[in-house]
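In: coords below, sequence missing:
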């Protein structure tokens, strides 16, 4: 796994824009708040499901499609838009603007449909997340912790 540092969050001149969309999917299990994380083939770190906006799709439609492809979750209730993340791609060849939505679900079992890139998903405990590849994604989850808990209506 590449070590992601601050250089991925500094836009160099001449790098083209790329728009993606995805989301934080939360599920309650008792008083526990769980977050859906996608596992990438060959990576030890997890990611939030997200990806390229296709022609004719809204940002929210893209988020739903990417969550299905990368995490296998199709039972989604939109709780709102959380914000935008910006960084370079893993190859540092595009500047990605990712629109992040918050969803809740009651779906427990899920299998990614895009298995060439994402071979599994896990439910990570909001208070004890596993290793994540992108620091900004972990920070996004932590920054919106209260909103996630409120959307699930679980005790903090």
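Out: That came through fine. Keep in mind it's a predicted model, so treat the numbers as computed, not measured. Numbers count the residues shown, from 1 in each chain.
In: so residue 63 sits right up against residue 82, yeah?
Out: No - here residue 63 lies out of contact with residue 82, judged by C-beta atoms under 8 Å, at a distance of 10.6 Å. C-beta here means a position set from N, CA and C on the backbone, and glycine is covered the same way.
In: which neighbours do these two share?
Out: Shared contacts of residue 63 and residue 82, defined by C-beta atoms under 8 Å, 6 or more residues apart in numbering, are found at residue 101.
In: higher neighbour count, these two?
Out: Set residue 63 next to residue 82 and count neighbours by other C-beta atoms under 10 Å: residue 63 wins out with 30 against 18.
In: where exactly do the strands run in the chain?
Out: Using DSSP state E, the strands found in the chain span residues 16-29, 32-40, 46-47, 50-52, 77-88, 94-104, 118-125.
In: now do the fourth one: which elements does it pack against?
Out: The reference is to strand 50-52. Secondary-structure packing of strand 50-52 (3 or more C-beta pairs under 8 Å, 6 or more residues apart in numbering; DSSP states H and E): strand 16-29, helix 59-71.
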